[in-house]
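Peer 1: have a look; sequence and predicted model below, questions after that.
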Amino acid sequence: MAQKSVHVIVRGIVQGVGYRHFTYKRGIASGLRGWVRNCHDGSVEVYAEGEDHILADFLRELERGPWSSQVDELEVNWGENSGFHHSFEVRF
């Protein structure tokens, strides 16, 4: 399977509603590597590496989000796997 990366900016009601934790748990459960963090503009930024079909499933989860969130937009940029990340983490 092809190893890819995806960089995502998630916009909507995604801070203060458990979105970061939701993303972290989904990333770990999927065996992805990368990170999630809140941005100053109220969005959430996600970087993940893994098999392309797993990343596609992960993006569907990000679009749905936790019940307390409202995702308005995913800005998605696909790329090559950097190999720098060995786990999935929350960045502050």
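Peer 2: Cool, the structure landed.
Peer 1: which helix or strand contains residue 59?
Peer 2: Per DSSP states H and E, residue 59 falls inside helix 52-64.
Peer 1: what do you get for residue 74?
Peer 2: Going by DSSP H and E, residue 74 is in strand 70-80.
Peer 1: okay, buried residues for that strand please.
Peer 2: By neighbour count on 16 or more other C-beta atoms under 10 Å, the buried set for strand 70-80 is 71, 74. Quick note: C-beta positions are derived from backbone N, CA and C, even for glycine.
Peer 1: that strand to helix 52-64, inter-axis angle?
Peer 2: 160 degrees (axes from the mean of the first three to the mean of the last three C-alpha atoms, to 10 degrees).
Peer 1: distance from strand 70-80 to the middle of the chain?
Peer 2: 8 Å (C-alpha atoms, centre = their mean, to the nearest Å).
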